[in-house]
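# all I have is the shape, not the residue letters:
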């Protein structure tokens with residue numbers, strides 16, 4: 001009988017085992033399909049990356065081939081040299097303007113954060129002083145109540161037998177009332193002490209970004225510096241040629257003969273050296289920024305960058321303070337990478 005039960009019991013368990021195996025196979029198949037789909041997606045992504053990289057490599061090779069052809073051409077070899085010299089000048093001006101803008105932003109942010117922290121510390125100090133005053137008042141109140149309680153207890157002890165009979169109940173009520181008031185006052189003092197600790201341990205607020213008026217002031221100073229660069233490199237068209245060299249590819253501009261190219265390179269180098277020696281024009285920048293701000297117009301109240309046409313007047317300021325104006329849309333033509341440097 002035992003053997004029959006074992007036989008029939010085994011027969012019942014066999015389909016369950018097969019079902020479990022089929023279920024495991026099903027889940028394994030589903031997981032394999034997911035993994036296969038993931039691998040196919042990764043394969044397509046990698047193929048796209050390879051195509052993109054091949055395209056970039058082909059473009060670079062095309063540029064190198066074009067540059068090689070220009071360098072092999074006697075009529076263009078000096079133009080190539082001039083192009084890269086002007087391009088380097090443009091990059092140096094962009095770098096100078098970018099560093100100037102970053103210093104301005106950091107100075108303004110530090111000044112603003114310092115003022116915000118000072119204001120916050122002032123408010124915290126006033127709140128702490130108010131709490132300290134309340135704590136002092138509570139301690140004086142406690143001292144007075146404890147003195148009254150001590151007086152009533154001594155009064156109760158000093159009463160004679162006959163008076164004690166008639167006055168004891170009222171004195172005890174007074175003592176109980178004073179004791180209850182003292183407990184409440186101590187609890188209030190403890191709460192004030194906790195509040196005082198909370199104020200003292202309070203963390204300063206997170207620093208906030210610059211507001212729109214401050215960004216506008218910074219942008220006017222950046223535009224003033226951009227005009228300083230333009231005025232310095234403007235003679236002989238060096239500023240315009242440097243901007244073109246930064247925007248156009250080599251071979252797109254013909255600077256002329258070897259003599260012409262040498263002249264352009266010499267003038268650009270001379271202008272660069274003289275600008276490095278100039279350092280005392282902070283007052284001129286502030287005066288020019290003020291003039292720019294007077295003319296600057298903004299499309300919306302939330303815009304920090306002015307409309308390019310409203311700041312297209314270049315102000316040349318002499319050492320004597322005389323102002324001469326000329327027209328040049330530095331922002332619209334994106335001189336020195338202004339569009340990416342201005343605060344927004």
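Perfect, thanks for sending it. If you're wondering where the values come from, they're calculated on a predicted model, not measured in any experiment. Residues are numbered from 1 along each chain as shown.
# can you tell me the SS state at the most centrally placed residue in the chain?
Closest to where the C-alpha atoms of the chain average out (Cα atoms, centre = their mean) is residue 209, at 6.8 Å. What DSSP: H, G, I helix; E, B strand; the rest coil gives for residue 209 is coil.
# what separation is there between it and residue 247?
31 Å (Cβ to Cβ, to the nearest Å). Every C-beta, even on glycine, is put in place using the N, C-alpha and C of the backbone.
# next: residue 314.
According to Cβ to Cβ, residue 314 stands 20 Å off from residue 247.
# more neighbours, the two?
Taking other Cβ atoms under 10 Å, residue 314 and residue 247 do not tie; residue 314 has more neighbours (21 against 12).
# phi and psi next, for residue 284.
Main-chain dihedrals, residue 284, degrees, to the nearest 10: phi -60, psi -40.
# how near is residue 167 to residue 175?
12 Å.
# and if you look at residue 275?
Counting by Cβ to Cβ - residue 275 and residue 175 are separated by 89 Å.
# cool, residue 132 as well?
Between residue 132 and residue 175 the computed distance is 31 Å (Cβ to Cβ).
# who has more neighbours, the two?
Between residue 132 and residue 175, counting by other Cβ under 10 Å, residue 175 is the more crowded of the two (17 against 12).
# name the element the more buried one belongs to?
Per DSSP states H and E: residue 175 is located in helix 161-200.
# list the buried residues of that helix.
Buried positions in helix 161-200, judged by neighbour count with 16 or more other Cβ atoms under 10 Å: 171, 174-175, 178, 182, 185, 189, 192, 196.
# can you list the buried residues in stretch 142-156?
Across stretch 142-156, burial judged by 16+ other Cβ under 10 Å covers 142, 145, 148-149, 152.
# swap that for stretch 96-110, sorry
Going by neighbour count (16+ other Cβ under 10 Å), the buried part of stretch 96-110 is 96-97, 100-101, 104-105, 108.
# before we move on, what about stretch 197-214?
Of the residues in stretch 197-214, 210, 214 count as buried by neighbour count, 16+ other Cβ under 10 Å.
# name the residues that touch that stretch?
105, 108-109, 112-113, 116-117, 120-121, 124, 127-128, 131, 218, 301-304, 343 (Cβ atoms under 8 Å, 6 or more residues apart in numbering).
# swap the cut-off to 7 Å and go again
The contact list for stretch 197-214 (Cβ atoms under 7 Å, 6 or more residues apart in numbering) reads 108-109, 112-113, 116-117, 120, 124, 127-128, 131, 302, 304, 343.
# can I get the buried part of those residues as one ChimeraX selection?
Provided next is the ChimeraX selection string for whichever of the contacts of stretch 197-214 are buried by 16+ other Cβ under 10 Å:
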select :108,112,131,304,343
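# of the contacts of stretch 197-214, which is the nearest to residue 283?
The shortest approach to residue 283 among the contacts of stretch 197-214 belongs to residue 108, at 18.8 Å (Cβ to Cβ).
# assign a three-state SS to that closest one, would you?
helix.
# verify the contact between it and residue 219 for me.
No: Residue 108 lies out of contact with residue 219 (Cβ atoms under 7 Å); the separation is 11.3 Å.
# low-confidence ranges, the stretch 1-150 of the chain, go.
Across the stretch 1-150 of the chain, residues meeting the criterion (pLDDT under 70) sit at 1-15, 65-68, 70-72.
# ranges for the helices of it?
For the stretch 1-150 of the chain, the helices defined by DSSP state H, counting those that start in this stretch occupy 2-72, 77-158.
# do the same with the stretch 201-344 of the chain
Applying DSSP H, counting those that start in this stretch to the stretch 201-344 of the chain gives helices spanning 212-233, 238-247, 258-277, 282-295, 338-341.
# quick one: the longest one to helix 282-295, angle?
Helix 212-233 and helix 282-295 are oriented at 120 degrees to each other (axes from the mean of the first three to the mean of the last three Cα atoms, to 10 degrees).
# how about helix 212-233, which residues are buried there?
214-233.
# let me have the buried residues of stretch 96-110 in a markdown table, extended by distance to residue 262.
As requested, these are exported to a markdown table (distance: Cβ to Cβ, whole Å):
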| residue | distance to residue 262 |
| --- | --- |
| 96 | 25 |
| 97 | 28 |
| 100 | 31 |
| 101 | 34 |
| 104 | 38 |
| 105 | 40 |
| 108 | 44 |
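# please identify which pair of these lies farthest apart.
96 and 108 (18.9 Å).
# dump the residue contacts of the residue nearest to residue 243 when sequence neighbours are not counted.
Leaving aside its chain neighbours, residue 243 sits nearest to residue 335 (5.6 Å; criterion: Cβ to Cβ, 6 or more residues apart in numbering). Neighbour list for residue 335: 226, 230, 243 [criterion: Cβ under 7 Å, 6+ apart].
# same thing but 10 Å
90, 93-94, 97, 223, 226-227, 229-230, 233, 239-240, 242-243, 246, 328-329 (Cβ atoms under 10 Å, 6 or more residues apart in numbering).
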